[in-house]
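J.: Build me a model:
(one chain, ligands or ions: 4)
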Amino acid sequence: MGFRILVKVCEAGIASSQMRLNHKKLWMAIGKHFSCTTMSRTILKDSPNAALNKTLLNKYLDLPQPDNAIQAKYIWIDGTGEGIRSKTRTLDFIPKHPSELPEWTYDGSSTYQADGSNSDIYLQPVAIYRDPIRRGNNKLVLCETYNSDRTPTASNQRNKANEAMEAVKDQEPWFGIEQEYTLLDFDKRPLGWPRNGFPGPQGPYYCGVGADRVCGREIVEAHYRACLYAGVKIAGTNAEVMPSQWEFQVGPCVGISAGDDLWIARFLLHRIAEEFGVIVTLDPKPVEGSWNGAGAHTNFSTKPMRANNGIVEIERAIERLSKRHPYHIQAYDPRGGKDNERRLTGKCETSSIHDFSAGVADRTASIRIPRGVAEDKKGYLEDRRPSSNCDPYSVCNALIRTCILNE
Ligand code: ADP
Ligand code: MN
Ligand code: MN
Ligand code: MN
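T.: Ligands and ions are numbered 1, 2, ... in the order given. All right, here's what the predicted structure looks like:
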């Protein structure tokens, strides 16, 4: 009991750096206990996944796997347009191309995609990745979803995006997506934040190092390697402005593979964090107030933009984007702009959801032209509006239709 009170005092103490100074002596006395207690209490004890013995698991994972029994994990997007589902089947061959993989079905009435009376939804394999969790010849299989009448489900944005990609193939569209996300403790508070109060204000955390600056790096490192192994074109990673918020980037990816790679990277992030007993949220504004939200900045270029004096093409694209702001806002989060309303406030390095703007090196604009691109007079543009929980297929589709097809 006495110890619990001590911890409470201590937690309140890190609400501000000024108070931290006042409590310096107290901290020194219990510092070691404090950090351990916070972690074990909130991560290890409360999350059953983190508490399960992973060493015991290895006894079974070390069993030899028959050569003619390949585990294929079929992965798809559920009816929320955000949730990821998966289930596994055994194959008697090593698949090399999605077309070799059997079509499959699932219960769409349990994924917000169908009524119970007509519940079978088709899974159509579209991309294969190596499985970094099961390893060996085992695979991750990304799927599109189709209704019983073979029309794409409402959450199948890939189908539409792929049509647009095919129409502009000769322009070789590239995408680089910056996925920001927040790690949450099992009680849905940002990982490592004090129970009663807040960490010190933003400033020291972005790209930071040290136990008082970043939290959850184990997950970031594991995820990076897992993506590399899987064949996801992960470009990099960094700690973000808000503590326990992180980013990874995929790209530059050609065409539809940007969305495919991002969805597989998201799946792996949730999957790895699950093992640590940590929750990943793609909520675009996980903490209200002067805490940065989370976006999915989308960097976009075409062959002409990347060629000499491509800045002219980039400016033409921006001109077209300026006329279709509401269409893009509607496409940039799963609730047609409702989620981004909380994030695109015009504060915390965002533009206002109501206005379109563009500028060189401007982090308060809808579209930023990176400084290097302005200097080289060629390259790409960055659309800063997509929400962290956007469907990348929907974002890429909108960019192509506006910037290239001039719809
Ligand atoms: P920021 O400075 O906004 O934080 P990042 O370094 O996080 O930018 O991300 C830049 C992204 O842009 C990366 O995913 C990278 O692959 C992508 N990218 C680089 N060049 C191009 C290009 N020509 N077309 C599209 N995307 C590109
Ligand atoms: Mn970035
Ligand atoms: Mn960022
Ligand atoms: Mn960016």
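J.: surely I133 meets R271?
T.: Yes. With contact defined as C-beta atoms under 8 Å, I133 counts as touching R271 (6.4 Å). Glycine gets a C-beta too; all of them are placed from N, C-alpha and C.
J.: neighbour count winner among these two?
T.: Using other C-beta atoms under 10 Å, the more surrounded residue of I133 and R271 is R271, with 20 against 16.
J.: just to confirm, which helix or strand has that one in it?
T.: Taking DSSP states H and E as the definition, R271 sits inside helix 257-276.
J.: Which element, helix or strand, includes whatever residue of the stretch 51-200 of the chain ends up closest to ligand 4?
T.: As assessed by C-beta to the ion, ligand 4 sits closest to E178 within the stretch 51-200 of the chain, at 4.8 Å. E178 is part of strand 174-184, with elements assigned from DSSP H and E.
J.: and that strand, average pLDDT?
T.: Per-residue pLDDT over strand 174-184 has a mean of 98.
J.: again with stretch 278-293
T.: 96.
J.: So which residues make contact with that stretch?
T.: With contact meaning C-beta atoms under 8 Å, 6 or more residues apart in numbering, stretch 278-293 is reached by 43, 47, 50, 82, 179, 181-186, 188, 190-191, 201-202, 216, 219, 240-242, 245, 266, 269-270, 273, 294-295, 333, 339-340, 342-343, 347-350, 387-389.
J.: could you flag which of those residues are buried?
T.: When the contacts of stretch 278-293 are checked for burial by 16 or more other C-beta atoms under 10 Å, the buried set is 43, 47, 50, 82, 179, 181-186, 190-191, 202, 216, 219, 240-242, 245, 266, 269-270, 273, 294-295, 333, 339-340, 342-343, 348, 350, 387-389.
J.: How many residues are close by F300?
T.: F300: 27 surrounding residues under other C-beta under 10 Å.
J.: Tell me the bridge partners for it.
T.: F175, L381 (DSSP bridges).
J.: is it true that it touches P386?
T.: No. Taking C-beta under 8 Å as the definition, F300 is not a contact partner of P386, at 10.7 Å.
J.: Ligand 1 contacts on this protein?
T.: By C-beta under 6 Å from any ligand atom, the residues of the chain that approach ligand 1 are 174-176, 178, 235, 249, 251-252, 297, 299-301, 306, 379-380, 382.
J.: now the stretch 151-300 of the chain, which segments are flagged as low pLDDT?
T.: The model of the stretch 151-300 of the chain has no residue with pLDDT under 70.
J.: Residues of it that sit close to ligand 4?
T.: E178, H297 (C-beta under 5 Å from the ion).
J.: Where do the strands of the stretch 151-300 of the chain begin and end?
T.: Per DSSP state E, counting those that start in this stretch, the stretch 151-300 of the chain carries strands over the ranges 174-184, 234-239, 245-254, 279-281, 298-301.
J.: related to what we said a few turns ago, and the strand holding E178, what other elements does it pack with?
T.: strand 245-254, helix 257-276, strand 279-281, strand 298-301, helix 392-399 (3 or more C-beta pairs under 8 Å, 6 or more residues apart in numbering; DSSP states H and E).
J.: of all those, which lies closest to K54?
T.: Ranking the helices and strands packed on strand 174-184 by proximity to K54 (C-beta to C-beta) places helix 257-276 first, at 7.1 Å.
J.: Could you list the buried residues of the closest one?
T.: By 16+ other C-beta under 10 Å, the buried positions in helix 257-276 come out as 257-273, 275-276.
J.: what does stretch 314-329 give?
T.: Here stretch 314-329 shows I314, A317, I318, R320, L321, R324, H325, H328, I329 as buried, counting by 16+ other C-beta under 10 Å.
J.: can you give me the end-to-end distance of that stretch?
T.: Distance between the two ends of stretch 314-329: 20 Å, counting by C-alpha to C-alpha, to the nearest Å.
J.: same deal with stretch 190-208?
T.: Criterion C-alpha to C-alpha; first-to-last residue distance in stretch 190-208 is 17 Å.
J.: cool, stretch 327-335 as well?
T.: By C-alpha to C-alpha, the extent of stretch 327-335 from end to end equals 13 Å.
J.: residues making contact with it?
T.: With contact meaning C-beta under 8 Å, 6+ apart, stretch 327-335 is reached by 80-82, 284, 321, 336-337, 339-340, 353, 383, 385-387, 389-391, 394-395, 397-398, 402.
J.: What mean pLDDT does that stretch get?
T.: Per-residue pLDDT values over stretch 327-335 give a mean of 98.
J.: on that earlier part again, quick one: the strand holding E178 to strand 234-239, angle?
T.: Using axes from the mean of the first three to the mean of the last three C-alpha atoms, to 10 degrees, the direction of strand 174-184 lies 40 degrees away from that of strand 234-239.
J.: Pull up the gap between the residue lying closest to the residue of the stretch 51-200 of the chain closest to ligand 4 once chain neighbours are set aside and D170, please.
T.: In space, and not counting its chain neighbours, E178 is closest to H297: 4.3 Å by C-beta to C-beta, 6 or more residues apart in numbering. Between H297 and D170 the computed distance is 26 Å (C-beta to C-beta, to the nearest Å).
J.: So for these two, which sits in the more crowded spot?
T.: The neighbour comparison of H297 against D170 (other C-beta under 10 Å) goes to H297, with 19 against 7.
J.: and that one, what does it touch?
T.: For H297, the contacting residues are I177, E178, E382, D383, R384, P386, by C-beta under 8 Å, 6+ apart.
J.: and of these, the nearest to ligand 1?
T.: Taking C-beta to the nearest ligand atom as the measure, ligand 1 lies nearest E178 of the contacts of H297, at 4.4 Å.
J.: Surely that closest one is in contact with Q249?
T.: Yes. With contact taken as C-beta under 8 Å, E178 and Q249 are classed as touching, separated by 4.8 Å.
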